[in-house]
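Enquirer: Give me coordinates for this.
(one chain, ligands or ions: 1)
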Amino acid sequence: MSALHLDRITVRYGRVTVLEDLSLSVPWAGALGIVGESGSGKSTAARAACGLVPLSGGQVLIDGKPLRARRGIPSPVQMIFQNPAASLDPRLTVAAAIAEALPRGRPANEVLRYLDLVGLEAVHATRRPAELSGGQRQRVAIARALAAEPKVLIGDEITSALDVSVQAAILNLLRRLRQELGFTLLFISHNIAAVRYLCDDIAVMQGGRLVEAGPADQITRAPTQPYTRALLDAVPRLKEDSPC
Ligand SMILES: Nc1ncnc2c1ncn2[C@@H]1O[C@H](COP(=O)(O)OP(=O)(O)OP(=O)(O)O)[C@@H](O)[C@H]1O
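Expert: Numbering: from 1, shown residues only. Predicted structure coming up:
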C-alpha cells in the first residue's frame, strides 16, 4: 500500500485541463520527485495531493483511503511552499507556530526537539518570521510541517527563492531528516539535480501529463524521452551526490 496515491486525477481550471489522468504513487518512507518545465502542472499535482484543488476526475488516496479535509484535525498531508510566508503566520513566534502544529497531547518541550532537528537554536523560539533569514524561515516551515506528524510531506519548490549556498543547506537538511525520521516525501522542483540528490524516484511531467517515471538514477542516466533529456541538458553540471 502506498502512503500517497494520485489515482488518475484530472484538474480543470474553467475550460482548461491542467492535469489529465495523472497517476503517481509514493511508497511509505519513499521520496518521489516531480520535475518538468514551468507550467507542466507540478504545483497543481502537489496542491491536488493536499486537497487544495477540486478534482474533475480521479481520487487522492492516503494510506489507501480517500483524502478528506477535516476541520480542526491536522491534515495527514503537510505542504511546504516556495515562499515560507505561505506556510507561516507572521504574527506567531517560531515556538507558537510549531506548538500549534503538534498533535493534541504532545508535551510542549517537543517544540525544542523540532527546532533542534532542523538546526535552529532555542534563541530562535521567540522570534517571528520577519526576524529570520529566508533559510531560517524555511527551516521553521519544515519543523512545523514535521511537528504535525504527517503521513506525507510535500515540498513545492522550497529552495527556489533561496541563495545557492542556502539551497544546498536546506537540501542537505531534508536528506538528513529523511534518513533520521523516514518520512514520505513528494518533492517538486524544476531542478532535476536537486531532485536526484533527495529522491528515490523521479516523475517527469509535461503539459499536465506524465512523460516518464522511474528510479532517479535510471531517469537521470538513461532517460527514454527527449523531453527528459532536454531537462537534463538544461542542468550545467549534474555532479554525482551533489545537491546543486
Ligand atoms: N488558479 C489557476 N487558474 C487558472 N489556471 C491556472 C491556475 N493555477 C495554475 N494554472 C495553470 O495551470 C498550468 C499548470 O500550472 P502549475 O503551477 O501547476 O505548473 P508548474 O509546473 O508548477 O509551473 P511552475 O514551475 O512555473 O510553478 C499552467 O498553465 C498555469 O497557468
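
Enquirer: who does the residue most central in space within the chain bridge with?
Expert: For the chain, Gly155 is the residue whose C-alpha lies nearest the centre (C-alpha atoms, centre = their mean; 1.7 Å). Beta bridges link Gly155 to Ile80, Phe187, judged by DSSP bridges.

Enquirer: Please determine how far it is located from Ala108.
Expert: 27 Å (C-beta to C-beta, to the nearest Å). (Each C-beta comes from the backbone N, C-alpha and C, glycine too.)

Enquirer: ditto for Leu177
Expert: 21 Å.

Enquirer: So between the two, which is more surrounded?
Expert: Leu177 (19 against 10; other C-beta atoms under 10 Å).

Enquirer: Remind me what whichever helix in the chain runs longest packs against, helices and strands.
Expert: In the chain, assigned by DSSP state H, the helix with the most residues is helix 164-181. Counting contacts by 3 or more C-beta pairs under 8 Å, 6 or more residues apart in numbering; DSSP states H and E, helix 164-181 packs against helix 110-117, helix 134-147, strand 184-188, helix 192-198.

Enquirer: if you set the cut-off to 10 Å instead, what comes out?
Expert: strand 31-35, helix 110-117, helix 134-147, strand 152-156, strand 184-188, helix 192-198 (3 or more C-beta pairs under 10 Å, 6 or more residues apart in numbering; DSSP states H and E).

Enquirer: what is the orientation angle of that helix with helix 134-147?
Expert: 20 degrees (axes from the mean of the first three to the mean of the last three C-alpha atoms, to 10 degrees).

Enquirer: what comes up buried for helix 164-181?
Expert: 166-171, 173-174, 177-178 (16 or more other C-beta atoms under 10 Å).

Enquirer: List, one by one, the residues from the protein near the ligand.
Expert: 13, 18, 36, 38-44, 190 (C-beta under 6 Å from any ligand atom).

Enquirer: Narrow these to those that are buried.
Expert: If we count by 16+ other C-beta under 10 Å, the residues of the chain next to the ligand have these buried: 18, 36, 40-44, 190.

Enquirer: Now, the residues you listed that are in helices?
Expert: Using DSSP H, those in helices are 42-44.
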